[in-house]
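Undergrad: would you be able to build a 3D model of this:
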Amino acid sequence: MEAAWDLAPGPGAAAQARALTRRSLRRWRVTGPADVDDVVLIVDELVANAVVHGTGPVRLALRLEATRAGVRLTGEVGDGDPRAPGAPAGPPPVLEWSEAGRGLLLVASLATEFGTRPAPPGKAVWFTRDLDPLDAPALTADTPTG
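TA: Have a look, this model is predicted:
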């Protein structure tokens with residue numbers, strides 16, 4: 001199963017991405033509250049970063065697929081700036097947490113994997129999340145992804 005959207009780069013992009021992500025996960029029968037909340041937070045952080053630090057339109061794509069280990073969600077947020085984001089530093093001391101600068105640290109903590117790749121004219125930041133098998137939809141390798 002796949003879904004993709006082009007978002008206008010502005011203050012409403014992250015809210016729109018959260019709503020689209022929740023709607024898609026619900027339609028795909030991803031029901032685990034931890035999985036849904038974590039994926040929505042990952043998408044929110046990556047879209048906000050693309051709006052603040054990137055250029056041009058923001059592209060959000062989600063894909064749900066069966067793997068040998070279970071069900072995996074892959075997400076990707078692209079923008080027109082080819083510069084890759086900096087790697088997150090280790091976690092700051094508890095008293096130094098702030099709103100700014102923690103996005104990629106959250107992504108690294110909540111995603112199974114994440115990284116960047118060139119996506120001319122810019123880049124895409126991708127993540128995967130292995131879903132809780134008790135709360136994930138029943139997909140098989142033969143399940144259509146469209």
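Undergrad: wait, doesn't residue 107 sit right on residue 43?
TA: No. With contact defined as CB atoms under 8 Å, residue 107 and residue 43 do not form a contacting pair (9.6 Å). The C-beta positions use only the backbone N, C-alpha and C, and glycine is treated the same way.
Undergrad: residue 122 against residue 82, yeah?
TA: Yes. With contact defined as CB under 8 Å, residue 122 reaches residue 82; the gap is 5.3 Å.
Undergrad: more neighbours: which of the two?
TA: The residue with more neighbours, out of residue 122 and residue 82 and counting by other CB atoms under 10 Å, is residue 122; that gives 19 against 14.
Undergrad: residues touching that one, list them.
TA: Under the criterion of CB atoms under 8 Å, 6 or more residues apart in numbering, the neighbours of residue 122 are 54-56, 78-82.
Undergrad: so of the residues you listed, which ones are in strands?
TA: With DSSP state E as the criterion, strands contain 78-79 from among those.
Undergrad: generate a PyMOL selection restricted to the buried subset of the contacts of residue 122.
TA: The following PyMOL selection, which keeps only the buried ones among those, applies the criterion 16 or more other CB atoms under 10 Å:
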select buried, resi 54+78+79+80
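Undergrad: which elements pack onto the helix or strand where residue 105 lies?
TA: Per DSSP states H and E: residue 105 is located in helix 103-110. In this structure, helix 103-110 makes packing contacts with helix 33-53, judged by 3 or more CB pairs under 8 Å, 6 or more residues apart in numbering; DSSP states H and E.
Undergrad: flag every buried residue along the helix or strand just after the helix it packs on.
TA: Moving toward the C-terminus from helix 33-53, the first helix or strand encountered (DSSP H and E) is strand 58-67. The neighbour-count criterion (16+ other CB under 10 Å) identifies 58-60, 62, 64, 66 as the buried residues of strand 58-67.
Undergrad: what sits closest to the residue nearest the centre of the chain if chain neighbours are left out?
TA: Among the residues of the chain, the smallest C-alpha distance to the mean C-alpha position (CA atoms, centre = their mean) belongs to residue 43, namely 3.7 Å. The shortest distance from residue 43 to any non-neighbouring residue, by CB to CB, 6 or more residues apart in numbering, is to residue 21 (4.7 Å).
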